[in-house]
Each structure stands twice: as structure tokens, then as C-alpha cells.
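Chemist: Generate coordinates for the sequence data below:
(one chain, ligands or ions: 1)
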Amino acid sequence: MMDYHAPRVRVRFAPSPTGALHLGGLRTALFNYFFARKHEGVFVLRIEDTDQARFTPEAEENILSGLLWAGVEPDEGPEQGGRYKPYRQSERLLLYAVYAQRLVDQGHAYYAFDTPEEIEAMRKRFATKENPSPKYDASTRGEMANSLALPSAEVCRRLDRGDEHVIRMKVEPGERIAFEDCIRGPVSFASEDIDDQVLIKSDGMPTYHLAHVVDDRTMWITHVIRGEEWLSSTPKHLLLYRYLGWEAPEMAHMPLIMNPGGKGKLSKRHAQANGLPVTVEQCRAAGYEPEAVVNFLARLGWNPGDDEALLSLDDMAERFSLDRVGGGGVQFDVDKLGWFNQQFLRTLSVGGLLGRAAKWGGTDFYTRKEHWERIIALMQSRVAFARDLPETCTYLFPDPEFDPDTYDEQSVKKRWASDSADLLSAYADRLGELQDFDAEQTETTLRALAEDRGVGAARIIHPVRLALSGVSGGPSLFAMMGVLGREACARRIRKAVDALGLRLLTPDFPE
Ligand code: GLU
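Modeler: Predicted coordinates:
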């Protein structure tokens, strides 16, 4: 039952547009999206682009297209609009300046004129064995060039002159900042562990800390659901809410995604070294279907009650609850992603899989639709990726251009015996005499030939498969023959007899 007195749930995904959309980012977006849907709330996309040095213009586009690819459409955002627009921080600068000024006026923030060299010198000056890198905080700020330490006339003079300065928040020591994290339970930090964080940088841009607090409030965000890496900054944010006289939203910090094997946070280096896809774009390029990716990501930390079932976004949203999100790090197991992909492909109709495979081009899917449908019916349970169809199944077309030109060396060694050529020629002859060329007839004929020659059926089956496909694995031989048709089967068998028969009978035949 909805409580109609409670504010409507509003959550946000707030990426910094610094490059590709990472899978960790998509997981954050997904959890927020589920939470919004579950509570009939609103899912906001906000672009946190105040760090101009790290900003790349294509990144926003990547983020939005990555979300849409996964089926996660924002209700409000830079493209969608909404009543709390604009949704790019770079378009909201005035707002941050206003609130920073309010903090200064009320004594919760101050101007600081120190150069990086002066700050470095301070760290050296105050360093002790126990505290090798002192912070800019209550214990050091009195010694620095800021509006708390300098006479006010001097501060006015410097500001009037346009001296470079930042605005820092003033954190008082001796307090415990405690809150209830929706995932982790009670969490608390000592205020003396927090430095006097910069809120406005010397170029006038806000830092993430100030900007996102102002935005979360002015966009009426009710729940902040984000990665664990932000947990240690949360006390600063809670102080800012208090200083500004605002109620803080609920906080939920999702577990870290760890390298496979559980050692450390999933790193770019580890991923690259092990060929793991870590961005949405890489997953897409590797051929993973969005449904598989979202099922995989949703389970990185959340337990939907069934570890294996493929769920739709709606089903997941329906089941979602922060109570079932764990706090401990979760391993990135790429095999699981592959498994979900294969499971998903199996759930598709033949037409559905055709549509997915067609995206990968290759032998024209729509002009030869009927033949592709027969191939798909045969291969659906065997392919790991839709792209495998155009990449590895062209041999299932009867055209001579798809006849194998080479035969897998290992398979030849294992399967082609001294009597193979003879057995296959005889089989090709018998195939020519069949009334109906279907799976049943081709199989009966093969077994009868084996019996007539006093050999096991496998002695004919394996070399025939090699002749038809060039390799030893694949779908049921007789079903495959049905798809290829009589002419192609006979032609390929005779071609293999010519190519392989001679070679093996005279093993030392000069190449
Ligand atoms: N811009 C931050 C990021 O890149 C947002 C963190 C938050 O959700 O508060 O992840």
C-alpha cells in the first residue's frame, strides 16, 4: 500500500561524463530504476559535468545510449526534460554559487587564499609520525591564509583585488556524525577525520560534494542509492545538509564489485589483462544481449530470490528491495554473464533470434529468411551469442560457395580412416536413390549401410559430418542434412572423398 502522505520516491543516477558507461554505473542506474518503479516513483538522470578537465563531450551520449540499450529510460533528464531542469550541472552554476554564499554568510564556510605550494608547506610543517599528512582542518586552518585567520580588512582587500581563492566548508571537531544506511545499517564517522572540504574551486566551479547536495535537495531526491566508494564522503554531505537547514535524503551504499577471485575492486587493468568486458559498449561489441547484461548486473549485490531465472526489468522492479541488497563485495564472474546470455537466447522465438542475429549482418538474413529460420531452429540451443549464427553457421547454406574448403586437422586425424572414402562414396550413392530426403530417411540409410559393411554407424557419421561442415562439432547430423538438402550433401561428401581420401591412403604423398 502506498502511503499517500509520504513524498513520492525520487531517485537519481548522477554519472560524471568522463568516458564510457561502466557496468558498475549501469548497475547503479538499474538499482535506482528498480527502486523508482517499485515505489511508483521517478528516476532522474543528472549529468555531473563540473570537472571540466575530465569531461568528454561524447560521454553524455554514451551514457544515455547505454541506458536506453539496457532498457533503463530516465523519467527526467537532459534529453527528457522535467520540472527541475536543467539536468546538467554545468547549467546550474548560479545555484551552487548562491548556496555557497549562504554557507559563507552563515559561518559554515570560508574563503581560503592558499596556493598549492602553501598547502604543501603546511603539510610538511605539521607532519608528525602519527599524522604524516595533516589535513586542512580545525587544527591547521588558523595558520593558513583564509577568512577565519586573516583580519577582515585583509580578506576584503584580497577579494576586491580578485585574488585566487576557494571556498571551504568549516568542519568542527569533536562530533560523531551518524546515520542509518539502508543497506549497511548504522554507520558513524568522527568529524575530526573530515577535512575542510573545498566547495567552490578557484575557477568558480563547485566540487561534487556541494553540487550534488544542492541538486539532490533542489530536485527533491528522497533516496540516494550509489556505490560504496561514496560512503566515506557521506558525513561531509550530511554536514552540508545540516548547515543548509535541509533534511538529508535516505542513503544506501551498494557493495563494491570485485575482481574475479575476490581480490580488490574490479580494476581496468585486471579487466584488460583478462579480456573482461567492463563497459556497456564492450558488452555490446562482444555480442551480449541487454537482457543478459541486466540480469547479470542486477545480481551483483541483490538477491531477487532466484539466482538463475531470467527476469524482465518489470519483474525485477516488482521484486526489488534494498533489504535484499548485501553490504559485502561481490565478484564479477563473467562466466555467469555468458550463461545468462545463452539462457536468454533460448527463450527467444525463432523470429526473435533471427532479429538479434540479423544485427550482426553476414549472409543476408531477410532475403534468405526461411533458410535462416531452419538454421536457427537447429542451432538455437547451441549458440552462445546471436552473432555466432552469421559468423559460424554459413556452412548450413547449401550454396557451393559455402562448401568447406578445408577440414579441421585434428578432426581429420581422429575421424578419417582408411575406409572412410569408400564408405562415404557408397553413402552418397545411396542418398541419390532416396525418395524423400529427410532426417529419418538419411539416418535409416546410413545405419543400413553400416550394417551391410559390418561397421559401427559412428564410422560413417563422423566423417560425413566432417565432409559437410569441415569440423567435428555441430548439431544433429541428420537434422543438418535436412537443412542442407540432397544436392549439397552429395556434393560435399564427394568433395571430401576427393580431398581427404587420397591424402590419407598415401600418408607420405608430397604436399
Ligand atoms: N558524480 C558521481 C559519480 O560519478 C555521483 C556520485 C553520487 O551518486 O553521489 O559517481
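
Chemist: my guess is H371 meets F397, correct?
Modeler: Yes. Using C-beta atoms under 8 Å, H371 is in contact with F397, at 6.5 Å. Using the backbone N, CA and C atoms, a C-beta is placed for each residue, glycine as well.

Chemist: Do you know the pLDDT at S233?
Modeler: Note for S233: predicted pLDDT of 97.

Chemist: Kindly report the same for the one 10 residues further on.
Modeler: At Y243 the predicted local confidence, pLDDT, stands at 98.

Chemist: can you check D508 too?
Modeler: At D508, the pLDDT recorded in the model is 51.

Chemist: So what's the residue count around the closest residue to the ligand within the stretch 401-511 of the chain?
Modeler: Of all residues in the stretch 401-511 of the chain, G473 sits closest to the ligand, at 44.5 Å by C-beta to the nearest ligand atom. Neighbourhood size, G473 [other C-beta atoms under 10 Å]: 9.

Chemist: so where's this structure shaky on pLDDT?
Modeler: For the chain, applying pLDDT under 70 flags the ranges 1-6, 262, 502-511.

Chemist: Please report how far the closest residue to G41 other than its chain neighbours lies from R123.
Modeler: Leaving out its chain neighbours, the residue that sits closest to G41 by C-beta to C-beta, 6 or more residues apart in numbering is V9, at 2.9 Å. As judged by C-beta to C-beta, to the nearest Å, V9 and R123 stand 44 Å apart.

Chemist: what does V104 give?
Modeler: Here the criterion is C-beta to C-beta. By it, V104 lies 25 Å from R123.

Chemist: got it, and S232?
Modeler: From S232 to R123 the distance is 20 Å (C-beta to C-beta).

Chemist: In terms of neighbours, single out the busier of those two.
Modeler: Using other C-beta under 10 Å, the more surrounded residue of S232 and R123 is R123, with 16 against 13.

Chemist: element containing that one, please.
Modeler: According to DSSP states H and E, R123 maps onto helix 116-126.

Chemist: Tabulate the CA atom coordinates of that helix in PDB.
Modeler: The C-alpha coordinates for helix 116-126 follow below in PDB (Å, rounded to 0.1, in the frame of the first residue of the first chain):
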ATOM      1  CA  PRO A 116      49.000  24.600  -3.600                       C
ATOM      2  CA  GLU A 117      52.600  25.300  -2.500                       C
ATOM      3  CA  GLU A 118      51.500  26.800   0.700                       C
ATOM      4  CA  ILE A 119      49.300  23.900   1.400                       C
ATOM      5  CA  GLU A 120      52.100  21.500   0.700                       C
ATOM      6  CA  ALA A 121      54.400  23.500   3.000                       C
ATOM      7  CA  MET A 122      51.700  23.300   5.800                       C
ATOM      8  CA  ARG A 123      51.600  19.500   5.400                       C
ATOM      9  CA  LYS A 124      55.300  19.300   5.800                       C
ATOM     10  CA  ARG A 125      55.300  21.800   8.800                       C
ATOM     11  CA  PHE A 126      52.700  20.000  10.800                       C
END
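
Chemist: ok, so what distance separates G361 from the ligand?
Modeler: According to C-beta to the nearest ligand atom, to the nearest Å, G361 and the ligand sit 35 Å apart.

Chemist: so what's that residue up against?
Modeler: P390 (C-beta atoms under 8 Å, 6 or more residues apart in numbering).

Chemist: Any figure for the gap between it and C393?
Modeler: G361 is 13 Å from C393, by C-beta to C-beta.

Chemist: re earlier: check the offset of the helix holding R123 from the chain's centre.
Modeler: Put simply, helix 116-126 sits 42 Å off its chain's centre (C-alpha atoms, centre = their mean, to the nearest Å).

Chemist: ok, now stretch 92-100?
Modeler: Distance of stretch 92-100 from the chain centroid (C-alpha atoms, centre = their mean) equals 34 Å.

Chemist: Need the residue in the chain that's farthest from the chain's center.
Modeler: D452 (57.4 Å; C-alpha atoms, centre = their mean).

Chemist: That one: what secondary structure?
Modeler: Taking DSSP: H, G, I helix; E, B strand; the rest coil as the rule, one finds D452 in the helix state.

Chemist: Same check on F478?
Modeler: Classification of F478 by three-state DSSP places it in helix.

Chemist: Can you give me the buried ones in stretch 388-408?
Modeler: Buried residues in stretch 388-408, defined by neighbour count with 16 or more other C-beta atoms under 10 Å: 388-390, 392-393, 395-398, 402-404, 407-408.

Chemist: Likewise for stretch 324-337?
Modeler: Buried residues in stretch 324-337 (16+ other C-beta under 10 Å): 325, 329-330, 332, 334, 336-337.

Chemist: same deal with stretch 454-462?
Modeler: So for stretch 454-462, counting by 16+ other C-beta under 10 Å, buried means 460-462.

Chemist: Closest residue of the stretch 151-300 of the chain to the ligand?
Modeler: R226 (3.5 Å).

Chemist: Now, the buried residues of stretch 324-337 that are in helices?
Modeler: 334, 336-337 (DSSP state H).

Chemist: TSV please, covering those residues and showing distance to E118.
Modeler: As requested, those are exported to TSV (distance: C-beta to C-beta, whole Å):
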residue	distance to E118
V334	48
K336	52
L337	50
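
Chemist: Can you show me the helices along the stretch 101-250 of the chain?
Modeler: Using DSSP state H, counting those that start in this stretch, the helices of the stretch 101-250 of the chain run over 116-126, 152-161, 208-218, 234-243.

Chemist: buried ones in the helix holding R123?
Modeler: So, applying 16+ other C-beta under 10 Å, buried residues of helix 116-126: 122-123.

Chemist: what packs against that helix?
Modeler: Using 3 or more C-beta pairs under 8 Å, 6 or more residues apart in numbering; DSSP states H and E, no helix or strand is in contact with helix 116-126.

Chemist: number of nearby residues for G470?
Modeler: G470: 19 neighbours (other C-beta under 10 Å).

Chemist: about what we covered before: ok, the ones in helices among the buried residues of stretch 324-337 vs P186, which is closest?
Modeler: Closest to P186 out of these is K336 (32.3 Å), distances taken as C-beta to C-beta.

Chemist: ok, now which ones touch that closest one?
Modeler: 296, 299.

Chemist: One more: the one 10 residues further on?
Modeler: Listed by C-beta under 8 Å, 6+ apart, the contact partners of R346 are 380-381.

Chemist: Only alpha carbons, please: show the strand or helix carrying it as CSV.
Modeler: Element membership for R346 (DSSP H and E) is helix 334-347. Included here for helix 334-347 are C-alpha records, laid out as CSV according to Å, rounded to 0.1, in the frame of the first residue of the first chain:
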residue,chain,number,x,y,z
VAL,A,334,32.0,-13.2,-16.5
ASP,A,335,31.0,-16.9,-17.0
LYS,A,336,27.7,-16.1,-15.3
LEU,A,337,27.2,-13.3,-17.8
GLY,A,338,27.8,-15.8,-20.7
TRP,A,339,25.4,-18.3,-19.1
PHE,A,340,22.7,-15.7,-18.9
ASN,A,341,23.2,-14.8,-22.5
GLN,A,342,22.8,-18.4,-23.6
GLN,A,343,19.8,-18.8,-21.4
PHE,A,344,18.2,-15.7,-22.9
LEU,A,345,18.8,-16.8,-26.5
ARG,A,346,17.0,-20.0,-25.7
THR,A,347,13.9,-18.1,-24.6
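
Chemist: Mind checking what helix or strand follows that helix in sequence?
Modeler: Next along the chain from helix 334-347, counting by DSSP H and E, comes helix 350-358.

Chemist: So what touches that next one?
Modeler: With C-beta under 8 Å, 6+ apart as the contact definition, helix 350-358 has outside contacts at 289, 345, 348, 365-366, 369, 372-373, 376-377, 380, 386-387, 389-390.
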